[in-house]
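Asks: take this sequence and fold it.
(one chain, ligands or ions: 1)
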Amino acid sequence: MLKPLLILSALLLLDFSAVAQEGQAAPKAEPSPQYTIPVEAVKKVNPVKPTTESIARGKKLYGYDCAMCHGKGGYGKGDVAEDMKLKISDFSDPAALKEKTDGELFYIIRNGKGQMPPEGDRVKADALWDLVNYIRSFAKKPAPEDKGAAPDKSN
Ligand code: HEC
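Replies: Numbers count the residues shown, from 1 in each chain. So this is what the prediction gives:
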């Protein structure tokens, strides 16, 4: 009497774990309530130095892919963010990204988060690191020689 039930629930469990494993590779249908970044990703060291060149490359890509939400100046008030009423932190506030490692930022940019779409494999890893370097620069006072790559202060 109990046995078939046990077998059935064992089968269901197996099935569930198979789905859960597939779910990691495939994009999730629903955003999971808890966003966890794997430890290896958090610890990943940024291989790209935040040189003027890297920041300038990051700025260019940011203008295309990020500014509509995060705003040109990183304040989180881009047009799309305003339209969709997105809650976005202000990157010009040094406290905003302080607690996060470069690896975490890289992971969020590559994989997306909540209402933020993933950058995915559209761009090379180095370009994602350039973005990390650039968004960090919002909270820093631009050095005089960084003029060309300095963040825009408009929104
Ligand atoms: C459609 C709007 C949108 C676009 C485009 C977008 N983001 Fe976001 N971004 C968000 C939202 C919304 C969040 C907050 C997500 C959450 O915490 O649920 C976010 C969060 C982040 C975070 C984490 C910040 C924090 O305080 O935790 C980083 C870093 C980030 N975005 C960088 C980028 C970069 C770089 C790009 C361009 C490649 C980009 N985003 C493109 C909407 C966007």
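
Asks: tell me where the protein has helices.
Replies: Shown for the chain, the helices assigned by DSSP state H span residues 3-25, 39-43, 52-65, 67-70, 79-84, 94-98, 102-111, 125-137.

Asks: which residues touch Cys66?
Replies: Going by C-beta atoms under 8 Å, 6 or more residues apart in numbering, Cys66 touches Gly78, Leu131, Ile135. To be clear about C-beta, it is placed using only N, CA and C from the backbone, and glycine gets the same treatment.

Asks: alongside the ligand, which residues does this structure contribute?
Replies: Within the chain, the positions near the ligand by C-beta under 6 Å from any ligand atom are 65-66, 68-70, 80, 86, 88-89, 96, 105, 108-109, 113-117, 119, 131, 135.

Asks: and the residues you listed, which are buried?
Replies: 65-66, 69-70, 86, 88, 96, 105, 108-109, 119, 131, 135 (16 or more other C-beta atoms under 10 Å).

Asks: dump these to CSV, plus distance to Arg57.
Replies: Converted to CSV, those look like this (distance: C-beta to C-beta, whole Å):
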residue, distance to Arg57
Asp65, 12
Cys66, 13
Cys69, 20
His70, 17
Leu86, 25
Ile88, 23
Ala96, 22
Leu105, 16
Ile108, 19
Ile109, 14
Glu119, 14
Leu131, 9
Ile135, 13
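
Asks: sweet, I'm off.
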